[in-house]
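Undergrad: Pasting the sequence and the predicted coordinates here, then a few questions.
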Number of protein chains: 4
Amino acid sequence: MIRIGIIGAGRIGRVHAEGIQGVRGAKVTAIADPLMNDETAAWAKSMEIPKVFHDHGEIIGDNNIDAVLICSSTNTHSAISLEAIEAGKHVFCEKPIDHDLDKIRSVLNALALTKTSVKYQVGFQRRFDHNFRAIRRGVQQGRVGDVHLVKITSRDPNPPSIPYVKVSGGLFLDMTIHDFDMVRYLSGAEVTEVSAYGAVLVDPAIGEAGDIDTAAVTLKLTSGGLAVIDNSRRAIFGHDQRAEVFGSKGALSSFNDSGSNVAFSDAEGVHSEPPLFFFLERYMQAYRDEIASFVNAIETDSETEVTANDGLQPVLIGLAARKSLLEHRPVKVEEIT
Amino acid sequence: MIRIGIIGAGRIGRVHAEGIQGVRGAKVTAIADPLMNDETAAWAKSMEIPKVFHDHGEIIGDNNIDAVLICSSTNTHSAISLEAIEAGKHVFCEKPIDHDLDKIRSVLNALALTKTSVKYQVGFQRRFDHNFRAIRRGVQQGRVGDVHLVKITSRDPNPPSIPYVKVSGGLFLDMTIHDFDMVRYLSGAEVTEVSAYGAVLVDPAIGEAGDIDTAAVTLKLTSGGLAVIDNSRRAIFGHDQRAEVFGSKGALSSFNDSGSNVAFSDAEGVHSEPPLFFFLERYMQAYRDEIASFVNAIETDSETEVTANDGLQPVLIGLAARKSLLEHRPVKVEEIT
Amino acid sequence: MIRIGIIGAGRIGRVHAEGIQGVRGAKVTAIADPLMNDETAAWAKSMEIPKVFHDHGEIIGDNNIDAVLICSSTNTHSAISLEAIEAGKHVFCEKPIDHDLDKIRSVLNALALTKTSVKYQVGFQRRFDHNFRAIRRGVQQGRVGDVHLVKITSRDPNPPSIPYVKVSGGLFLDMTIHDFDMVRYLSGAEVTEVSAYGAVLVDPAIGEAGDIDTAAVTLKLTSGGLAVIDNSRRAIFGHDQRAEVFGSKGALSSFNDSGSNVAFSDAEGVHSEPPLFFFLERYMQAYRDEIASFVNAIETDSETEVTANDGLQPVLIGLAARKSLLEHRPVKVEEIT
Amino acid sequence: MIRIGIIGAGRIGRVHAEGIQGVRGAKVTAIADPLMNDETAAWAKSMEIPKVFHDHGEIIGDNNIDAVLICSSTNTHSAISLEAIEAGKHVFCEKPIDHDLDKIRSVLNALALTKTSVKYQVGFQRRFDHNFRAIRRGVQQGRVGDVHLVKITSRDPNPPSIPYVKVSGGLFLDMTIHDFDMVRYLSGAEVTEVSAYGAVLVDPAIGEAGDIDTAAVTLKLTSGGLAVIDNSRRAIFGHDQRAEVFGSKGALSSFNDSGSNVAFSDAEGVHSEPPLFFFLERYMQAYRDEIASFVNAIETDSETEVTANDGLQPVLIGLAARKSLLEHRPVKVEEIT
């Protein structure tokens, strides 16, 4: 039984606490949050989590805890990662490790230097989504042959708040980062160059906050293939999450998931449900499966499915995309240092 | 060039006149209608049909005409068929040949006795629909293995007028007759027994006229398999025409056709076009192709794809269905004589 | 917290034990099985079920247990139901309550006479399937208007063993019973008459065992509408579970669920995953939700969503179907007493 | 009756000759081709085209001809256009008018100066495809609100021959030109800037011929929106022709057309037909409708649906795309002069 401590009792921390209930061989034994209060403690009790703390150090220092889930605010991810690695705990860290390359690299260095077999997994949960996973499997089986083009459509149902936009690192590091990871995951190749276009079409306040809300990004891959990503901060019809890998032998395409597949026909046409609106609905299965995968990596002493390097690469691509947008030119990823 | 005379300038006669324009090797050289008037003559002229008559005998007697299309009212089909066969003309006869078994059989007898190689085809145009034809082809290729179940959903967008209902022969001989033919066409088997349920749910006036407007019919096939047909005189969303053949190795299913495949997504869901509403839209390609097939049978001196016997069998099944409904019991087709 | 005892540790008992892990407010505190052995006890331990018994009487007599799940063999359902009701425990009973009408009625009588507010729910889990539930919701909202026709396609991926066939009560009581329930659930009407056709097409041994493996059943509803069910014991492509409700204002149709919605295009065509093959995959969400609904009925002291009468009606219809097949005629449900 | 002369009896000339048979109010009265031979003359006779010529001047000079279809090789389009305009004939000119901007502009000038009401239409047939047209209609009706993103997927089933590649003007002017037109057509906006990525992934010989076979192009629109096009010279599964317009109120998406919508289910999955393989199959309806539209513009003396300016703009965008690829930077369309 892997004993898990969750650091951060906000939305994503709770999602994981609930998801772990369906994961065999793992149990949450402690949760810490600097804002721990009666409501959160009551929730933790209802989840049968025995210990609650304000200070995440209590979890890091607990010898009866095998692994930590870092679900705190982004600016604490790398520091807590270092503490946990130092303490010999397995780490599941929500994305991104950081927006600062040096901080991410300090985590990679700590992992390289540690003498214990610490597992480290980054929270790119979409890799565990049943649809994207089926594409990946098909690509690896050679069904599409050589990969010529990866297409990702990724649109949120609603833009975040303007205060969040200001600290988010910008669309490319906050939102497209998932798609950069997806391009790597689906193609099995690395990204060498980025050409980014952006626009402010959803809400002018996003532009005033220095960000964009709509983007089209073209990527060059080490394999010679291309990738195209389109993003919007607001698809009125829900969380629009589709991918296609096109190659010499065929194409694999995924579509959105809905609450049911029921079609209603009337005089106006045939109507089906919109895509699942919220990312928690769409990716609930993925959130559960990523933790199951993390637990499995610990139990079998094998590499995690999303390594620290997988946490680093999309940040490099995201920084290249930001530079491309600012300088209005294609930018090679190797320009980012 | 096969020279065709059309007998009957009503809706279906005009559909064929227009369809033939796209058929290589055939041309309409005359059209006859007892109600021939200036409007119809003008239309014929616009279609470049050189001769117009009141009396269909002018067509039967014209040595420069190779084949006739019988598109007149149902009660004239068998008599005109006999005249045309006697005159050595190839015959394409709209369905049904007749509702009276003796009259149908007189046509089969005439064909058996004729010394010339007269071609005779019945107008079950759905056999030429691209979707149903693809199912048939798959069944014949053995893709579904042994046929266990044929399912036909067949619903009209609007009920006919009450006067028409009264002379239509009833739902089973007017509407389901197409589906009885489709069961034979898709399964490659004959029907041995019928169990029919009916209801008046669309319009009470249909019930007052002695007919039903909703039906569920179960059929036993010579192969041992079963078939299920459901009918309605009014599907508010359009012409609902689907089929499925299920067997030991798999299933082939067809769906409705629409004007475009465009999907519109908004907050309420994903919306696509309703099925093509009217049978002339849905089956225009089939109407053209059935004539092309008829012309080809003449040119190559081969059997037509819908023989006079194919015209007889669905009437037998329809009469059995009518008897089943009236007597509230399963009826064997061989009971119908 | 509702404390649950599970009676029967076979496949379905374990499915429920696992499903309950995702149900808030409920926990399994005991499990009993006459064949309880080390393997089962170890499994129970891994599920953190504190007590294991051979004798289900230990659960019935345990004052710390609020509700029982009867997952034992069918012939014990009604007797254990009576014991549990007598003991004032809430009962979730797997379908069917029994094949014997008197035994089912004894349960209904016991419920009518009990002075405590005992909840009783029958395990028709398909009512909780997201697709069927969406159809039901649409029908209740009036989207299809008056219900003219209900169509159920229900095919298993593989026939049961011949020994099972012999004790199953026959296809109509073993398999179609779910579809009879679904007709009632989707239409909101009762069934008045049944006309059943059957065939042995999948495996002659099923016929030798006195059963059929393929069926087409037509039903008359109190509302005047009709229903059509088709069954097969073997759909080579998986668990084929679809429904359609057609009415005066439109139609609601559901399709099969697959593991992913990924489409693969190659020179042969566009290929997607087959339906989920096994009923446990297809209905896992439904198994969890039916227990959540049962727990909710207890917590809120409201009627369960599948009452004992909902357990009785499909057996009546099933017996009528059996009689219809044997006597080769339509049979009214009121003939079954 | 509009009397049409076709100039060029190659593949596309014949496609139009056949398509016109289904167009009311038009008839082909002459066809000219410098390579006119017995086979072509026989074909023309079978099509009931009365006159055949070697010299297109015979058509230009024929007072009994109202309109010409220019279906000759691309390098003759602008010169013949000028001759026909001079002669007062309506002109339908296959795309492109030319690759040389001066030559295109000479046609625009001639049209501006002509005193007769000469109609001029360019052969972007995809505007008449039922799917793309349905998207356009929805956009114009305001269904998607403000257009944020246009996505075009456009892939050919097979690359052209290498000799053709060498004279084609390159992928952007030969193939993507249709997609540039489609972006304008669907969005209702003009293109201001182009950023093009290309690769040689299908056949190295295409690269050796100085061209690319795979492309991803991003466009900026006057409306502020973006557009993304992806191209391949070979989609093994057929002619892949899809579009999506995403905006503030929703999205409209079109999919590929197939020969039938039949789905075959077996143990491996659910299989449907590939997209129509060849552009003549996919766009036959569009080829017919574009001529019907041209005829209608003549009859009603209204503007054609694809003007000479609509012929110019995609060439400008294509030249910008070529420059972007060569100079590895975004290029404004106004840079092209």
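TA: Right, received. Where do you want to start? What you are looking at is a predicted structure, and each value in this text was computed from that prediction instead of being measured. Numbering: from 1, shown residues only, chains lettered A, B, ... in the order given.
Undergrad: which parts of the stretch 101-250 of chain A sit against chain D?
TA: Within the stretch 101-250 of chain A, the positions lying close to chain D (C-beta under 8 Å from any C-beta of the partner chain) are A:146, A:148-149, A:151, A:153, A:155, A:195, A:197, A:199, A:201-202, A:214-216, A:218, A:220, A:224-228, A:230, A:232, A:234-237, A:240, A:246, A:248-250. From N, CA and C alone the C-beta is placed, and that goes for glycine too.
Undergrad: Mark which of these are part of strands, please.
TA: Among those, DSSP state E puts A:148-149, A:151, A:153, A:155, A:195, A:197, A:199, A:214-216, A:218, A:220, A:226-228, A:230, A:232, A:240, A:246, A:250 in strands.
Undergrad: coming back round to it: restrict the residues of the stretch 101-250 of chain A next to chain D to those near chain B?
TA: A:235-237.
Undergrad: Return the members of the residues of the stretch 101-250 of chain A next to chain D classed as buried.
TA: Neighbour-count burial (16 or more other C-beta atoms under 10 Å in any protein chain shown) applied to these gives A:148-149, A:151, A:153, A:155, A:195, A:197, A:199, A:201-202, A:214-216, A:218, A:220, A:225-228, A:230, A:232, A:234-237, A:240, A:246, A:249-250.
Undergrad: Now do the strands in the stretch 1-150 of chain A.
TA: Under the criterion DSSP state E, counting those that start in this stretch, strands of the stretch 1-150 of chain A are mapped to A:2-7, A:26-32, A:51-53, A:67-70, A:90-93, A:120-122, A:147-155.
Undergrad: Turn those into TSV, including distance to D:Val122 and mean pLDDT.
TA: Below are the strands of the stretch 1-150 of chain A laid out as TSV (distance: least, C-beta to C-beta, whole Å; pLDDT from 0 to 100):
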stretch	distance to D:Val122	mean pLDDT
strand A:2-7	63	97
strand A:26-32	64	96
strand A:51-53	71	96
strand A:67-70	60	98
strand A:90-93	57	98
strand A:120-122	52	98
strand A:147-155	29	98
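Undergrad: looking at these, which is closest to C:Asp174?
TA: With C-beta to C-beta as the measure, strand A:26-32 is the member of the strands of the stretch 1-150 of chain A nearest C:Asp174 (38.7 Å).
Undergrad: Direction included, what does the closest one pair up with?
TA: In the sheet, strand A:26-32 lines up against strand A:2-7 (parallel), strand A:51-53 (parallel) (DSSP bridges).
Undergrad: Would you tell me which of the ones you listed gets closest to B:Ala26?
TA: Set against B:Ala26 and scored by C-beta to C-beta, the strands paired with strand A:26-32 come closest in strand A:2-7, at 77.3 Å.
Undergrad: Name the residues that touch that closest one?
TA: The contact list for strand A:2-7 (C-beta atoms under 8 Å, 6 or more residues apart in numbering or on different chains) reads A:13, A:16-17, A:20, A:25-33, A:49, A:56, A:59, A:62, A:64-72, A:80, A:89-90, A:295, A:298-299.
Undergrad: if I pick the residue in the stretch 1-150 of chain A that chain B sits nearest to, what's in contact with it?
TA: In the stretch 1-150 of chain A, the residue that lies nearest chain B is A:Asn131 (16.3 Å; C-beta to the nearest C-beta). A:Asn131 makes contact with A:243, A:254-255, A:257, C:260-262, according to C-beta under 8 Å, 6+ apart.
Undergrad: isn't A:Tyr283 right up against A:Arg126?
TA: Yes - using C-beta atoms under 8 Å, A:Tyr283 is in contact with A:Arg126, at 6.7 Å.
Undergrad: circling back: closest one to B:Glu305 among the strands paired with strand A:26-32?
TA: Between the strands paired with strand A:26-32, strand A:2-7 lies closest to B:Glu305; by C-beta to C-beta that is 67.8 Å.
Undergrad: Please save the CA atoms from the closest one in PDB.
TA: Provided in PDB are the C-alpha atoms of strand A:2-7 (Å, rounded to 0.1, in the frame of the first residue of the first chain):
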ATOM      1  CA  ILE A   2       1.500   3.300  -1.100                       C
ATOM      2  CA  ARG A   3       0.800   6.000   1.500                       C
ATOM      3  CA  ILE A   4       0.300   9.400  -0.100                       C
ATOM      4  CA  GLY A   5       0.500  12.900   1.300                       C
ATOM      5  CA  ILE A   6      -1.200  15.600  -0.600                       C
ATOM      6  CA  ILE A   7       0.300  19.100  -0.500                       C
END
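Undergrad: May I see the buried residues of that strand?
TA: Within strand A:2-7, the residues scored as buried using 16+ other C-beta under 10 Å are A:2, A:4-7.
Undergrad: can you tell which of the strands paired with strand A:26-32 is closest to D:Glu39?
TA: Proximity to D:Glu39 (C-beta to C-beta) singles out strand A:2-7 among the strands paired with strand A:26-32, at 78.0 Å.
Undergrad: out of the strands paired with strand A:26-32, which comes closest to A:Ala189?
TA: Among those, strand A:2-7 comes nearest to A:Ala189, with 33.0 Å by C-beta to C-beta.
Undergrad: What parts of chain A come near chain C?
TA: A:21-22, A:24, A:46, A:130-131, A:133-135, A:138, A:143, A:249-257, A:259-267, A:273.
Undergrad: PyMOL command to pick out the buried ones of these?
TA: Of the residues of chain A next to chain C, the buried ones go into a single PyMOL selection, burial set by 16+ other C-beta under 10 Å:
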select buried, chain A and resi 21+22+130+131+133+134+135+138+143+249+250+251+252+253+254+255+256+257+260+261+262+263+264+265+266+273
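Undergrad: Out of the residues of chain A next to chain C, name the ones that lie in helices.
TA: With helices defined by DSSP state H, the entries of those inside them are A:46, A:130-131, A:133-135, A:138.
Undergrad: Pick out the least confidently modelled helix or strand of chain A, by mean pLDDT.
TA: Across the helices and strands of chain A, mean pLDDT, DSSP states H and E gives its lowest value to helix A:279-282, namely a mean of 88.
Undergrad: next structured bit after that helix?
TA: Sequence order places helix A:284-299 as the next helix or strand after helix A:279-282, per DSSP states H and E.
Undergrad: model confidence over that following helix, on average?
TA: Averaged over helix A:284-299, pLDDT sits at 96.
Undergrad: Give me the angle between the helix or strand just after that helix and strand A:214-221.
TA: Downstream of helix A:284-299, the next assigned helix or strand under DSSP H and E is helix A:308-327. Computed by axes from the mean of the first three to the mean of the last three C-alpha atoms, to 10 degrees, the angle separating helix A:308-327 from strand A:214-221 equals 120 degrees.
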